[in-house]
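K.L.:
coords please:
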Amino acid sequence: MDIRSLRYFIETVRLNSFTRAADALHVTQSTISKMVRQLEDEMGTQLLIRDGRKLVLTDTGRIVFERGQEIVAATRQLTLEVQDTLSLRRGSLAVGIPPMINLLFTPVLKAFRERYPDIALELREDTGQAIERQVAAGDLEVGMTVLPCDPNLNLVSSAVASYPIWALAEAGTFPKRRTTLKLTALRDMPLVLLNDDFALTRSLRRSFREAGFEPKVVAQSGQWDWLVAMASAGLGVALLPGPFIHRLAIEGLEAVRIIEPELSWEVAQIWNGHYLSHAAGAWLTVCRDVLKNRSAHAA
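P.N.:
Predicted coordinates for the structure are as follows:
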């Protein structure tokens, strides 16, 4: 059904005049007549009876008039909602954020809410590798992870922040007055790591392989604060990004930065390279704006 011919028909009935409808719609009277005839042809029956100066609806015409008003109103509302979505005055977005990364994103969430108060934002927490799989499958439009991403998932990534990795252990574990430690020095030290489904652990294991050794992992956990507790108890060395180390009251603990090579916790946005909604694009922009000054040497 042609929405325009339906709208012209409704206006003609409402004003009870082809002439007044033409004036209201800023078209010629012949255009109105043509559109009404087109609608009648489409319906397969007469909709209006011309009775002198009056227009009388047929039974079918009355139904088309009543239901047509609903259709035109719904079309107008659809147009308004699409315009609101394009201008980011409405919409929804689900974002995947790993538990470790979420502590860094409070400023991003605040900025996004201030800029786009009418977009409903849903945060889904999972490990970095799980979020990568969900984004690749289309279950999430955008997410966060730690680079490098799984090369088999064909994801698009954009780094937004990078922090050095520190080794944390009970006092006396590392040489006195040392502030840095070579990666190879961890070869014979017991390590406590996050579970293997964490992107940080994937990145660390890759660095160990490139350095030519297999780490002595004595325990793994899904909670970074438990790693700190195990390190404090002398069970092993925890490897964590700078922001977490510097959030701690490290009495009884000592921390050194890993060097040669210097390991980085590189946080990135990811998406699958297909359609990106306006809300998702706005989220990516806010992330870049808020986190753009975070460097590899940030605390």
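K.L.:
where along the chain do the strands fall?
P.N.:
Listed in chain order, the strands of the chain (DSSP state E) span 48-51, 54-57, 91-97, 119-125, 142-146, 156-170, 180-182, 190-194, 216-221, 237-241, 253-259, 264-271.
K.L.:
quick one, which of the ones you listed is nearest to Ser17?
P.N.:
strand 54-57 (7.3 Å; CB to CB). For every residue, glycine as well, the C-beta is placed using N, CA and C.
K.L.:
Need the residues that contact that closest one.
P.N.:
Thr12, Val13, Asn16, Ser17, Phe18, Leu47, Leu48, Ile49, Phe65 (CB atoms under 8 Å, 6 or more residues apart in numbering).
K.L.:
Tell me how far the fourth one lies from Val108.
P.N.:
Applying CB to CB, to the nearest Å, the value for Ser17 to Val108 is 58 Å.
K.L.:
quick one, which of these two is more surrounded?
P.N.:
More crowded of Ser17 and Val108, by other CB atoms under 10 Å: Val108, with 21 against 18.
K.L.:
Do I have it right that that one meets Val290?
P.N.:
Yes. With contact defined as CB atoms under 8 Å, Val108 reaches Val290; the gap is 4.8 Å.
K.L.:
how about the helices in this protein?
P.N.:
3-15, 18-25, 29-43, 59-86, 99-102, 106-115, 128-137, 199-211, 224-232, 242-245, 278-291 (DSSP state H).
K.L.:
Rebuild the ones you listed as CSV, extending it with distance to Ala255 and mean pLDDT.
P.N.:
Formatted as CSV, these follow (distance: least, CB to CB, whole Å; pLDDT from 0 to 100):
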stretch, distance to Ala255, mean pLDDT
helix 3-15, 67, 89
helix 18-25, 74, 89
helix 29-43, 76, 91
helix 59-86, 47, 79
helix 99-102, 17, 80
helix 106-115, 23, 91
helix 128-137, 23, 90
helix 199-211, 16, 93
helix 224-232, 9, 90
helix 242-245, 5, 82
helix 278-291, 23, 88
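K.L.:
Give me the domain ranges for the protein.
P.N.:
3-86, 91-299 (automatic domain parsing).
K.L.:
hmm, back to that, between the helices of the chain, which gets nearest to Ile258?
P.N.:
helix 199-211 (8.7 Å).
K.L.:
Can you give the contact residues for that closest one?
P.N.:
Residues from elsewhere that reach helix 199-211 (CB under 8 Å, 6+ apart): 98, 100, 127-129, 132, 145-149, 165, 183-184, 186, 193-196, 214-215, 220, 239, 241, 261, 263, 265-266.
K.L.:
what do you get if the cut-off is 6 Å, keeping everything else the same?
P.N.:
Under the criterion CB atoms under 6 Å, 6 or more residues apart in numbering, residues Gly128, Gln129, Thr145, Val146, Leu183, Thr184, Leu193, Leu194, Pro215, Leu239, Leu263 lie in contact with helix 199-211.
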